[in-house]
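>>> Sharing a sequence plus its predicted fold:
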Amino acid sequence: MNNLHDWPEPIIRVQSLSESDLPIIPDRYIKPLTDRPCLNSEVDNDSNIPIIDLTGLSEHEDNLPASTLDQISIACREWGFFQVINHGVSPELMDRAREVWRGFFHSPMEIKQVYANSPKTYEGYGSRLGIEKGAILDWSDYYYLHYLPLTLKDYKKWPASPDSCREVIDEYGKELVKLSGRIMKVLSINLGLKEDQLQNAFGGDNIGACLRVNFYPKCPQPDLALGLSSHSDPGGLTLLLPDHEVPGLQVRRNGKWITVKPARHAFIINIGDQVQTDKVDKHDDFKVMIYEDKVLSNANYKSVEHRVIVNSGMERISLAFFYNPKSDIPIKPVEELVSEEKPALYSPMTFDEYRLFIRLKGPKGKSQVDSLKSPR
Ligand code: OGA
Ligand code: NI
């Protein structure tokens, strides 16, 4: 087994590299030609992911018009990505959360290094994913922490400064757990299930929730690098607070990269690998262990590939909140659906095991979930 306690080589903070004003980036950050963001034939700058107004969906009321449910259903099937406005989280809290993190990343290095992370849990201040020696790296630093389960929530692993950092992070997490629960209900209903069924399949109240704050420093050669390599999110749902001033997130659709244009105070929501459904031959096979035939024949939700580009003029900050299944329940298709003629598409795997697998390899497009397909 690989050693998960240490990084394979000394960690270099991308922010320090950026602040050293080098005219060119080190070779370690230069992507192979095929992955570079400058292939314009592959970029579609005119489209955008759907924007959906969630007015009516709040803690106290649950009156989303049927047309909104439909918009979400279409977005899940056709895009795997959408943004929501009027979602009930205070715009002021969203701004405070982003700015408190900006404050952290602009703190002196000695303060940040107190929280330096290791590949064992990834919690804390980090600058790479994956432990492959000599890997080509992404142009970003990040901070990773747990909200749920409560057994993993540990304030000591959260930054103590700037002032009020922990309170703001806490309040933000509570609001996002609530919003995620509301979105899970909508997805469940849209899948033809009972309102709580998707949440229950995720482990009921024992779900996991964590935050990854991404910091993308200015990059002197943005055409050669990526802020975050192409990947799909390993978990259940992701709620991303993008930088309202600096675009960067690109979503893959029909072979092209679409640069997301965020609406003000929107969250960008996407489906992770644990909810992915795959079309196989004439039937759909669900990765998550749910559900009824209706779902399996009708729905086709995707965990869509995305990546982040960087630029030479402005740093970018995003907060990615991940809502995940309980980490130790096996995720597998329902037994009734598996037979000799219809073998399971994936071997059962807990989210803990899946995450370990991703953490050893780093971001690799959709090859990770694909490589787990059972041999057939
Ligand atoms: C992620 C992610 C996108 C962004 O953290 O998984 O895809 O815009 N982030 O930073
Ligand atoms: Ni992502």
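The structure has been received and is ready for your questions. Residues are numbered from 1 along each chain as shown. Ligands and ions are numbered 1, 2, ... in the order given.
>>> Near ligand 1, which residues of the stretch 101-250 of the chain? Just list them.
212, 214, 228, 233, 240, 242, 248-249 (C-beta under 6 Å from any ligand atom). No exception for glycine: its C-beta is placed from N, CA and C like everyone else's.
>>> 5 Å - rerun?
Residues of the stretch 101-250 of the chain lying near ligand 1 by C-beta under 5 Å from any ligand atom: 212, 214, 249.
>>> The first one: which element?
Following DSSP states H and E, one finds residue 212 within strand 208-216.
>>> for this protein, what spans make up the helices?
With DSSP state H, the ranges of helices along the chain come out as 14-19, 66-78, 91-105, 109-113, 165-190, 197-201, 293-298, 351-361, 367-371.
>>> Tell me which of the ones you listed sits most buried.
Comparing the helices of the chain by mean neighbour count (mean count of other C-beta atoms under 10 Å), helix 197-201 ranks first with a mean of 21.
>>> Mind giving me the packing neighbours of that one?
Packing partners of helix 197-201 (3 or more C-beta pairs under 8 Å, 6 or more residues apart in numbering; DSSP states H and E): helix 165-190.
>>> got the contact list for stretch 256-263?
37, 42-45, 47-49, 51, 81, 83, 85, 242-244, 247-252, 268, 307, 309 (C-beta atoms under 8 Å, 6 or more residues apart in numbering).
>>> what does stretch 36-55 give?
The contact list for stretch 36-55 (C-beta under 8 Å, 6+ apart) reads 64, 68, 71-72, 74-75, 79, 81-88, 222-224, 226, 250-251, 253, 255-261, 263, 266, 268, 307, 309.
>>> switch the cut-off to 6 Å
71, 75, 79, 81-87, 223, 256-261, 263, 309 (C-beta atoms under 6 Å, 6 or more residues apart in numbering).
>>> Now do the strands in the stretch 1-150 of the chain.
Counting by DSSP state E, counting those that start in this stretch, the stretch 1-150 of the chain has strands at residues 43-44, 51-53, 81-85, 124-126, 141-148.
>>> for those strands, which one sits closest to residue 9?
strand 124-126 (13.9 Å; C-beta to C-beta).
>>> List the buried residues in the closest one.
Neighbour-count burial for strand 124-126 flags 124-126 (criterion: 16 or more other C-beta atoms under 10 Å).
>>> Report the mean per-residue pLDDT for that strand.
Averaged across strand 124-126, pLDDT comes to 98.
>>> which residues touch that strand?
112, 115-117, 142-143.
>>> What is the nearest of those to residue 358?
residue 142 (14.6 Å).
>>> Now do residue 158: how many residues are near it, please.
21 (other C-beta atoms under 10 Å).
>>> From what I see, it and residue 165 are in contact.
No - using C-beta atoms under 6 Å, residue 158 makes no contact with residue 165, being 7.1 Å away.
>>> Might you list the low-confidence residue ranges for the stretch 251-376 of the chain?
Scanning the stretch 251-376 of the chain for pLDDT under 70 picks out 276-300, 331-348, 361-362, 364-376.
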